[in-house]
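[1] any chance you could fold what I've pasted below:
(2 chains)
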2 protein chains.
Amino acid sequence: MKKYSIKDIARLSGVSVATVSRVINNNGRFSEETRKKVLSVIEETNYKINYSAKSLRMNKSFTIGILVPDIKNYFFSDLVQKIEEILFEQGYTTIICNTARNAEKEQAYLQILQAKGVDGLIIISGVEAFSMNAASSEKKIPYICIDREPQDKSKTIFISSNHYQGAEAATESLIASGAKNLAIALYNRMSSASRSRLSGFEETLKKHQLGFDAEKNSLRISSDDTINQELDNFLKNNPTVDGFFSTNDTLAMKLNSRLKKIGKNVPQDIKMIGFDDTPYGEYSSPTLSSVRQNTQQLAQKTVESLLKLMDSSTTLGETILIPVELIVRESSSRI
Amino acid sequence: MKKYSIKDIARLSGVSVATVSRVINNNGRFSEETRKKVLSVIEETNYKINYSAKSLRMNKSFTIGILVPDIKNYFFSDLVQKIEEILFEQGYTTIICNTARNAEKEQAYLQILQAKGVDGLIIISGVEAFSMNAASSEKKIPYICIDREPQDKSKTIFISSNHYQGAEAATESLIASGAKNLAIALYNRMSSASRSRLSGFEETLKKHQLGFDAEKNSLRISSDDTINQELDNFLKNNPTVDGFFSTNDTLAMKLNSRLKKIGKNVPQDIKMIGFDDTPYGEYSSPTLSSVRQNTQQLAQKTVESLLKLMDSSTTLGETILIPVELIVRESSSRI
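    Numbers count the residues shown, from 1 in each chain, chains lettered A, B, ... in the order given. I've put the predicted structure just below:
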């Protein structure tokens, strides 16, 4: 009697090896028709399902885990949704865990995802310098870090927008449209992304011999509840400020709203450029200039890299930067 | 020799039964200190871990699955985040699956969540009438349906905002602020929520002897790409319209933006009230009136009901409606 392999079953059923695996494990996507076909071929060939750990193909759950710091943030939810779509097309389902920028939760969810047997992890960390502590388990799960730089880049692939380039483009554009006294608006809570944006802003000012003074050129926000007060204080100390580069759109819109209330016109008195190009910026008044991150390309590169990593067909330690694009609208236009 | 129960282990370790269970299953949250303490008590008492199916406490994964139709939608992401927070406080971790309003994905993710051994499910379905087909598996997992009414309410608890009341309040407010020719703006893709909103709008018009004519009193949107064109056509056929009740804020902001472009002022010419009270409405110009859903109460009721259902300490078939609140801002103010 011929001994059949999973490859034979796939060939005889007219489906891929991955699909046969999913049918056997009753895990993942396949139609009722496919299930019947595969099971009847298995019966005909008397194929013995090999559940041993050595059976690599069988040992997959076709599930990927994603850690996201804040699904209410448009950039993150957009990115995660696109990753899910691409993974689903590739036959993988995606489990999303929201960590609320909380280190304890992040580690708890890493443990959960490992316990649930995901094949790979995509980590958008919410903590300052992410480290895969939970990987103390027996099985090392391949993981990709996106947007937030991990402590040790040698154990992963790091994929991010080119935040520095975005800050540079925004700052150049503010200067070109006539602003002379620029400030960056950013949260006290820093990430590798906001550090890169700050650095792009600072270097561009210096390049134009405008200098950078933290007091004069940066508006630090401690929380969403104190934005108005912190903006008012900043304007009192820096009455000549005529351009803001805000590290995200929501903050930019909140600043615009406050400026309007205290009688400052955007863009006539003060110009504003945000980051992320959320859809609301296009419908606000004035419409909001913003740096658009290419979430489609970020998602594609992430899935590609993770699948290669799971296949062991790539090397660790790579950093991939995705270009961004400045969208100029009313809020930063030359008057 | 005394035979110890899991309750004894919990008492001797100074932690809850749930925590002992999590340590034993190495699943969920506990500190390294707790783990050491519990394991040492287990060793001292020679407690035998009972893995049998009858051991209800042991048989829990302390993981809850959530299906969400669109995490990019602010209402959904806000609600899911709040549910996650409350569940985490109760010792449960949450696995989120994004179904993209796709029936096939919804069923695939239900299978995955069951295969991952979640203790309970929270379902925000994206399809017209949700049915738990995937529950054909041996183990029946308790589930709560929120926002979208399931086909068969007798097998679950249905929790939703009072969409009818919200539509009624918005319509009354538009009439009170002077609008006489009202229209509801809504997507062709209908859910039980949008049907309730339409019905609340229609009944309120009738109550005021204004009548309801689908051609005259409803602007149907087929997709986000055709909003401007569909609005323009509607205005051509109904030039006297002076008030819109939009079934969500994003649509309301898109309509406002188009109205401004074609020279119609909000609220002077046309008044606008949205739904969901997304934070962007407050920062748009004019600021947007909107019906606020109480996501905190929705989240609390959902978790409460699910935990009771998992405990079998409640009955199925209940419907819980959470009141909503109209927030009036510039876009619908009397001029």
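
[2] what about residue A:310, neighbour count?
    18 (other Cβ atoms under 10 Å in any protein chain shown). (Each C-beta comes from the backbone N, C-alpha and C, glycine too.)

[3] report pLDDT for residue A:106.
    pLDDT recorded at residue A:106 is 91.

[4] do residue A:50 as well
    Per-residue pLDDT puts residue A:50 at 41.

[5] same check on the one 10 residues further on?
    Among the per-residue scores, residue A:60 shows a pLDDT of 78.

[6] likewise for the one 4 residues further on?
    The score at residue A:64 is 95. That number is its pLDDT.

[7] next SSE after the helix or strand containing it?
    Using DSSP states H and E, residue A:64 maps to strand A:63-68. Remark: after strand A:63-68, the chain's next helix or strand is helix A:74-89, criterion DSSP H and E.

[8] now that next one, how far from the centre of its chain.
    Centroid separation between helix A:74-89 and its chain, computed with Cα atoms, centre = their mean, to the nearest Å, is 9 Å.

[9] and the helix or strand just after that helix, what does it pack onto?
    Using DSSP H and E, the helix or strand that follows helix A:74-89 towards the C-terminus is strand A:93-98. Of the remaining helices and strands, those touching strand A:93-98 by 3 or more Cβ pairs under 8 Å, 6 or more residues apart in numbering or on different chains; DSSP states H and E are strand A:63-68, helix A:74-89, helix A:103-115, helix B:74-89, strand B:93-98, helix B:103-115.

[10] now strand A:93-98: buried residues?
    For strand A:93-98, a neighbour-count test (16 or more other Cβ atoms under 10 Å in any protein chain shown) marks A:93-98 as buried.

[11] what's the closest of those to chain B?
    residue A:96 (4.0 Å; Cβ to the nearest Cβ).

[12] who are the neighbours in contact with the closest one?
    Residue A:96 makes contacts with A:65-66, A:68, A:71, A:80, A:84, B:71, B:95-98, as judged by Cβ atoms under 8 Å, 6 or more residues apart in numbering or on different chains.

[13] name whatever forms a beta bridge with it.
    residue A:66, residue B:96 (DSSP bridges).

[14] quick one: low-confidence parts of the stretch 201-335 of chain A?
    Applying pLDDT under 70 to the stretch 201-335 of chain A flags no residue at all.

[15] what does it have sitting close to chain B?
    Within the stretch 201-335 of chain A, the positions near chain B by Cβ under 8 Å from any Cβ of the partner chain are A:250, A:253-254, A:256-257, A:260, A:279-280, A:282-285.

[16] in helices, which of these fall?
    Secondary structure defined by DSSP state H assigns A:250, A:253-254, A:256-257, A:260, A:279-280, A:282-283 of those to helices.

[17] report the buried members of the residues you listed.
    Neighbour counting by 16+ other Cβ under 10 Å classes A:250, A:253-254, A:256-257, A:280, A:283 among these as buried.

[18] farthest pair within those?
    For these, the farthest-apart pair by Cβ to Cβ is A:254 and A:283; their separation is 15.5 Å.

[19] residues touching residue A:221, list them.
    Per Cβ under 8 Å, 6+ apart, neighbours of residue A:221: A:185-188, A:227, A:230, A:251.

[20] can you select the buried ones among those for me in PyMOL?
    To isolate the buried ones among these in PyMOL, judged by 16+ other Cβ under 10 Å, type:
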select buried, chain A and resi 185+186+187+227+230+251
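
[21] turn the contacts of residue A:221 into TSV, including secondary structure.
    As requested, those are exported to TSV (DSSP: H, G, I helix; E, B strand; the rest coil):
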residue	secondary structure
A:185	strand
A:186	strand
A:187	strand
A:188	coil
A:227	helix
A:230	helix
A:251	helix
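
[22] which residues sit against whichever helix or strand residue A:306 is part of?
    Using DSSP H and E, residue A:306 sits in helix A:295-310. Outside helix A:295-310, the residues within contact range by Cβ under 8 Å, 6+ apart are A:64, A:75, A:78-79, A:82-83, A:85-87, A:90, A:119-120, A:122, A:142-144, A:146-147, A:157, A:159-161, A:314, A:316, A:318, A:320, A:322.

[23] just the buried ones from the residues you listed?
    Buried members of those, counted by 16+ other Cβ under 10 Å: A:64, A:75, A:78-79, A:82-83, A:85-87, A:119-120, A:122, A:142-144, A:146-147, A:157, A:159-161, A:320, A:322.

[24] is it true that residue A:62 touches residue A:19?
    No. Contact criterion Cβ atoms under 8 Å: residue A:62 and residue A:19 do not qualify, at 9.9 Å.

[25] the more surrounded of these two?
    With neighbours defined as other Cβ under 10 Å, residue A:62 and residue A:19 compare such that residue A:19 has more, 23 against 20.

[26] in a helix, that's where the more buried one is, yeah?
    Yes. Inclusion of residue A:19 in a helix is indicated when three-state DSSP is applied.

[27] picking that back up, for the helix holding residue A:306, the distance to its chain's centre please.
    Averaging C-alpha positions (Cα atoms, centre = their mean) puts helix A:295-310 11 Å from its chain's average.

[28] just say helix, strand or coil for residue A:219.
    Using three-state DSSP, the structure places residue A:219 in strand.

[29] residues touching it, list them.
    Each residue near residue A:219 by Cβ under 8 Å, 6+ apart is listed here: A:183-186, A:230-231, A:234, A:244.

[30] now render these as CSV, adding distance to residue A:268.
    Below are these laid out as CSV (distance: Cβ to Cβ, whole Å):
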residue, distance to residue A:268
A:183, 17
A:184, 21
A:185, 19
A:186, 24
A:230, 23
A:231, 17
A:234, 19
A:244, 14
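
[31] test my guess that residue A:320 contacts residue A:161.
    No. Distance between residue A:320 and residue A:161: 10.2 Å, which falls outside the contact criterion (Cβ under 8 Å).

[32] what does stretch A:206-218 rub up against?
    In this structure, residues lying in contact with stretch A:206-218 by Cβ under 8 Å, 6+ apart are A:175, A:180-186, A:198, A:201-202, A:205, A:237-238.

[33] quick one, which of those residues are buried?
    For those, buried by 16+ other Cβ under 10 Å: A:175, A:182-186, A:198, A:201-202, A:205.

[34] and of the residues you listed, the nearest to residue B:14?
    residue A:186 (44.1 Å).

[35] the residue nearest to that closest one when sequence neighbours are not counted and chain B, how far apart?
    Sequence neighbours aside, residue A:247 is the residue nearest to residue A:186 in space, at 4.4 Å (criterion: Cβ to Cβ, 6 or more residues apart in numbering or on different chains). Taking Cβ to the nearest Cβ, to the nearest Å as the criterion, residue A:247 is separated from chain B by 16 Å.

[36] please apply the same query to residue A:15.
    From residue A:15 to chain B the distance is 16 Å (Cβ to the nearest Cβ).

[37] quick check, that residue in a strand?
    No. Read with three-state DSSP, residue A:15 is coil and lies in no strand.

[38] who's in contact with the closest residue to residue A:172 other than its chain neighbours?
    Here the nearest residue to residue A:172 in space, its sequence neighbours aside, is residue A:204; by Cβ to Cβ, 6+ apart that works out to 6.1 Å. Each residue near residue A:204 by Cβ under 8 Å, 6+ apart is listed here: A:167-168, A:171-172, A:175.

[39] drop anything exposed from the residues you listed.
    A:167-168, A:171, A:175.

[40] reformat the residues you listed as JSON lines; add secondary structure and pLDDT.
    Below are the buried ones among the contacts of residue A:204 laid out as JSON lines (DSSP: H, G, I helix; E, B strand; the rest coil; pLDDT from 0 to 100):
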{"residue": "A:167", "secondary structure": "helix", "pLDDT": "98"}
{"residue": "A:168", "secondary structure": "helix", "pLDDT": "98"}
{"residue": "A:171", "secondary structure": "helix", "pLDDT": "98"}
{"residue": "A:175", "secondary structure": "helix", "pLDDT": "97"}
